[in-house]
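# Okay, structure incoming, though there's no sequence with it:
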């Protein structure tokens, strides 16, 4: 009963991602797009879990992920919305 495991935990790499693994994941997604995260590691030649690949892509490798400080304008917008709406983040 319940969900089947995403992969066999035996023989998978854990811990820090290498630049080579990042390149493989990025190249595969650019060539084939995002499909099944469960089958992606095997198809891309990675010894990682599908969940690990998904999190790496979403949090670090996606091209539209913006890093760094927020601008003064963005800070002013946040301050204004917080002063007018409070902590009701759903409305923001």
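Great, that's in hand. In this text the structure is predicted, and so the values were computed from the model without any measurement.

# use CA for all of it now, contacts and neighbours both
Will do.

# Work out the gap between stretch 56-65 and the centre of the chain.
5 Å (C-alpha atoms, centre = their mean, to the nearest Å).

# Now it: buried residues?
56, 57 (16 or more other C-alpha atoms under 10 Å).

# show me where pLDDT drops low in this structure?
Applying pLDDT under 70 to the chain picks out residues 1, 5-8, 88-92.

# The residue nearest the centre of it and residue 48, how far apart?
Nearest to the geometric centre of the chain sits residue 58, at 1.7 Å (C-alpha atoms, centre = their mean). Between residue 58 and residue 48 the distance is 15 Å, computed by C-alpha to C-alpha, to the nearest Å.

# next one: residue 56
For residue 56 relative to residue 48 (C-alpha to C-alpha), the value is 11 Å.

# and what of residue 65?
Counting by C-alpha to C-alpha, the gap from residue 65 to residue 48 is 22 Å.

# try residue 37
11 Å.
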